[in-house]
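Visitor: generate coordinates for the sequence data below:
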Amino acid sequence: MEIVYDRKAAIKKLKLLTFGPKANVDSFRAKLDENYKTTFLPNGVERTEYKYGNIECDVLAPEIYSSNRVMLYIHGGSFVGGSRVAYRSFCSSLATKCYCRVVVPEYRLAPSFPYPAANEDIQGVFKALFTEEQIACSLNTEKGARPVLPEIIIAADSSAASIACSLIFNLTERYRNCIKQMILFSPWLDVSQNSKLITTKKITDEVMSGEILRKSISLYTVEENTALPFVSPVLASNDDLKNFPKTYIQMGEKEILLEEAKNFAKILNDSGTECELDVWPNMMFMFQMADEYLHESHLALDRIGKIVTEYTAGQEAVEIENKPKLEHSLKSEA
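Guide: This is a model prediction of the structure:
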């Protein structure tokens, strides 16, 4: 794909990911889907549909992938928008870079389904996915060989960062131990009433603003819930962070969300969890999703691919295979 550098066009497109002050829910969802949908998936990625925990999901499989590695991607959209359609192209690129299948759930959205509906949906998806991956790994292990364990990566962007963290906080040690890494893009980490992003009247960058955060969270949950770690992960306790997976946060230097990301990275590192905060110079909120206008978008996903594959190198041996060998576990339900 030819890239024409156009920062203004990139910002215009990225603003569609945020629930602006004048937007209504229906138009916001429609514009987001319309502007981010794609007719053809990049790099020969194949898409199937499957229900995990009774939630419709896209399963995106690149031409070559590790048979025991899978990414659960929780899409953003200011708690009220976003969909498999809008994130298909971006998650297909992630699948190719990380040599893994990517599962994208169509979870319930506010305001019709406020907190904790999305959290409950993602919990159900994860547990069903975990069970299927365990079975698949067992079936692919040669008789007498040491079983290969599933390698699950949790990824999320913007508002969905709290849903991803909530998933970890609610999992028992058995499940947590199978999550190899968490990847967060431009995360919303503190929407509590004590957050400067919420209390400051005029705080903005090229894409995001405090007003967007306030409007979105007001439709997602009631004020007293915003101080819960399941909604504002930066307020998590030491118990919540026990055995939290290795975390990588990627975002732009220009974001108003950056200070809270720095706080969260420090909290994780202080608790014993390795957290890398990767800040891209002169970049804006979710710059990775403006790849037709920004060369940095491609470089950023290249870096994530290296981090995922290098992190697992030297661990349990994984099998790299062409097109799904595990299709029996990925067929759409009739």
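
Visitor: quick one: pLDDT of the nearest residue to residue 227 once chain neighbours are set aside?
Guide: Ranked by Cβ to Cβ, 6 or more residues apart in numbering and with sequence neighbours excluded, the top spatial neighbour of residue 227 is residue 192, at 4.6 Å. C-beta here means a position set from N, CA and C on the backbone, and glycine is covered the same way. Reading off the confidence values, residue 192 has pLDDT 98.

Visitor: what's the answer for residue 329, then?
Guide: With respect to pLDDT, residue 329 has a value of 33.

Visitor: what are the ranges of the helices in the chain?
Guide: For the chain, the helices identified by DSSP state H occupy 7-14, 25-36, 84-98, 117-139, 160-170, 173-176, 196-199, 210-220, 258-270, 295-312, in order along the chain.

Visitor: and those, which one averages the lowest pLDDT?
Guide: Per-segment mean pLDDT for these reaches its minimum on helix 173-176, at a mean of 87.

Visitor: can I get the CA coordinates of that helix in PDB?
Guide: What follows is helix 173-176, C-alpha atoms only, in PDB (Å, rounded to 0.1, in the frame of the first residue of the first chain):
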ATOM      1  CA  GLU A 173      -4.100 -17.800  39.000                       C
ATOM      2  CA  ARG A 174      -4.700 -20.800  36.700                       C
ATOM      3  CA  TYR A 175      -5.900 -18.500  33.900                       C
ATOM      4  CA  ARG A 176      -3.400 -15.700  34.600                       C
END
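
Visitor: elements contacting it?
Guide: Under the contact definition 3 or more Cβ pairs under 8 Å, 6 or more residues apart in numbering; DSSP states H and E, helix 173-176 sits against helix 117-139.

Visitor: what residue is smack in the middle of the protein?
Guide: Residue closest to the mean C-alpha point of the chain, counted by Cα atoms, centre = their mean, is residue 156 at 1.4 Å.

Visitor: quick one: that one from residue 91, how far?
Guide: 11 Å (Cβ to Cβ, to the nearest Å).

Visitor: with residue 257 instead?
Guide: Distance, residue 257 to residue 91, by Cβ to Cβ: 21 Å.

Visitor: hmm, back to that, which residues are common contacts for residue 156 and residue 91?
Guide: residue 73 (Cβ atoms under 8 Å, 6 or more residues apart in numbering).

Visitor: quick one on the thing from earlier: and the residue nearest to the centre of the chain, what pLDDT?
Guide: 99.

Visitor: from memory it sits against residue 164, does it?
Guide: Yes - under the criterion of Cβ atoms under 8 Å, residue 156 makes contact with residue 164 at 3.8 Å.

Visitor: between these two, which contacts overlap?
Guide: Applying Cβ under 8 Å, 6+ apart, one finds that residue 156 and residue 164 are jointly contacted by 74, 182, 184.

Visitor: and the first one, what are its bridge partners?
Guide: Bridge pairing for residue 74 (DSSP bridges) gives the partners residue 156.

Visitor: mind listing what it touches?
Guide: Residue 74 makes contacts with 105, 107, 122, 154-156, 160, 163-164, 167, as judged by Cβ under 8 Å, 6+ apart.

Visitor: what about the nearest residue to residue 97 once chain neighbours are set aside, distance to residue 103?
Guide: Computed as Cβ to Cβ, 6+ apart, the closest residue to residue 97 that is not its neighbour in sequence is residue 305, at 3.1 Å. With the distance defined as Cβ to Cβ, residue 305 ends up 17 Å from residue 103.

Visitor: these two: which is more packed in?
Guide: residue 103 (27 against 18; other Cβ atoms under 10 Å).

Visitor: do I have it right that that one meets residue 61?
Guide: No - counting by Cβ under 8 Å, no contact exists between residue 103 and residue 61, whose distance comes to 10.1 Å.

Visitor: with distance to residue 49 and pLDDT added, can I get the shared contacts of residue 156 and residue 164 in a markdown table?
Guide: Converted to a markdown table, the shared contacts of residue 156 and residue 164 look like this (distance: Cβ to Cβ, whole Å; pLDDT from 0 to 100):
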| residue | distance to residue 49 | pLDDT |
| --- | --- | --- |
| 74 | 17 | 99 |
| 182 | 25 | 98 |
| 184 | 26 | 98 |
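
Visitor: nearest to residue 10 among these?
Guide: For residue 10, the nearest member of those is residue 184. The distance, counting by Cβ to Cβ, is 20.4 Å.

Visitor: mind listing what that closest one touches?
Guide: Applying Cβ under 8 Å, 6+ apart, we find residue 184 in contact with 155-157, 161, 164, 247-250.

Visitor: can you redo those residues as a markdown table, where the extra columns are distance to residue 6?
Guide: Supplementary listing: these in a markdown table, determined by distance: Cβ to Cβ, whole Å:
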| residue | distance to residue 6 |
| --- | --- |
| 155 | 27 |
| 156 | 27 |
| 157 | 22 |
| 161 | 28 |
| 164 | 31 |
| 247 | 32 |
| 248 | 28 |
| 249 | 26 |
| 250 | 22 |
